[in-house]
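My questions concern the predicted model and sequence given below.
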Amino acid sequence: MSKVAFITGASRGIGRACALRMAREGWNIVIAAKSVEENPKLPGTIFSVAEEVRALGVEALPVQCNVRDTESVEAAAEAALGHFGRMDAVINNAGALWWRPMEETPIKRFDLVMEVNVRGAYAVTEAFLPVMKAQGGGHVVMMSPPIDLCMLAGHIAYGISKFGMTMIALGLAEEMRDHNIRATALWPKTVIESYATINYGLGNPAFWRKPEIVADATLEILRHPELSNGRALIDEDFLREVGYTDFDQYLCVAGGTPLELSSEVMTAART
């Protein structure tokens, strides 16, 4: 029986890369995102990615899902389980980015990053825990960083929301250990090519890596649960751990120098 993954924010960027990478390995994919109509500024919809996934010979189910809306999450989970009857992996990739200090973060913006990042990931994960327990296992992946308090200054709201996601992964791995449900946090070592990267002016393609590095790390997390469970991982470091050596394949520009994603880089992106 083919495994099934539910991927949020899968209409573009890292989410789309994960969907296509896992599809190549035979996974059926639920493409969960808000985008249902093409936007010239943000190309890609749940339907366009579903077509790409199906072209790889597996099943795809596009479902509109706003992770801020509990009813939307519940409806998406019901549609996914109604179609596939199981869920083997939940990839919490949908995110709201706000790299600003507290004095530049009104409460409405604070609520947005909390609702999309930590609350949204919590709601999506909670929706699939019962079926994972019933089927005897599953894996939850949070796109969130290792907890490093040095990242907080200058990005308090964003840091709280992302560290909250990591805390869910670390706590869930222990809570669900007896049910064979694994949980892992994953974060890129370097700046990844995306519309957020472009809009925030984070350098140029010579400093970026392709989102496929995160997709490969996600797949390896699922392949090696004995190594990944209960950990907050960095993509390149974990890929090296499982035997990858060629990282030039992920460069956006041949001979480029990937820019490490640090608090300083995040702060510089504001200016």
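On my side now, so go ahead.

Identify the residues contacting residue 72.
64-66 (CB atoms under 8 Å, 6 or more residues apart in numbering). Every residue, glycine included, has its C-beta placed from N, CA and C.

same question, residue 37
Per CB under 8 Å, 6+ apart, neighbours of residue 37: residue 45.

helix/strand/coil for it?
With DSSP: H, G, I helix; E, B strand; the rest coil as the basis, residue 37 sits in coil.

cool, and residue 145?
Classified using three-state DSSP, residue 145 is coil.

Give the burial count for the closest residue in space to it that isn't next to it in sequence, as a bare number.
Of all residues not flanking residue 145 in the chain, residue 187 sits nearest, at 3.9 Å (CB to CB, 6 or more residues apart in numbering). By other CB atoms under 10 Å, 21 other residues sit near residue 187.

Now do residue 187 against residue 67, distance only.
Separation of residue 187 from residue 67 (CB to CB, to the nearest Å): 19 Å.

who's in contact with the residue lying closest to residue 191 once chain neighbours are set aside?
The spatial neighbour of residue 191 that comes closest, neighbours along the chain excluded (CB to CB, 6+ apart), is residue 259 at 4.7 Å. Taking CB under 8 Å, 6+ apart, we find residue 259 in contact with 190-191, 202-203, 207-208, 265.

Would you check which pair of those residues lies furthest apart?
208 and 265 (11.7 Å; CB to CB).

Run through the helices of this protein in chain order.
Secondary structure of the chain by DSSP state H: the helices cover 13-24, 46-54, 70-84, 107-113, 120-135, 156-175, 195-199, 212-223, 225-228, 235-241, 263-268.

other SSEs contacting the fourth one?
Using 3 or more CB pairs under 8 Å, 6 or more residues apart in numbering; DSSP states H and E as the contact criterion, the elements in contact with helix 107-113 are helix 156-175.

can you check the second one too?
For helix 46-54, the helices and strands in contact under the criterion 3+ CB pairs under 8 Å, 6+ apart are helix 13-24, strand 28-33, strand 60-64.

tell me the most buried of these?
Of all these, strand 28-33 has the most neighbours on average by mean count of other CB atoms under 10 Å, namely a mean of 29.

in its sheet, what does that strand sit against?
strand 4-8 (parallel), strand 60-64 (parallel) (DSSP bridges).

how far does that strand sit from the chain's center?
12 Å (CA atoms, centre = their mean, to the nearest Å).

Need the residues that contact it.
By CB under 8 Å, 6+ apart, strand 28-33 touches 2-12, 15, 19, 22-23, 45-46, 49-50, 53, 58-65, 76, 80, 83-84, 94, 124.

quick one: low-confidence parts of the stretch 151-271 of the chain?
200-201, 268-271 (pLDDT under 70).

swap the cut-off to 50 and go again
Residues of the stretch 151-271 of the chain that meet the criterion pLDDT under 50 lie in 271.

returning to that earlier point: of the contacts of residue 259, just say which sits nearest to residue 158.
residue 265 (13.3 Å).
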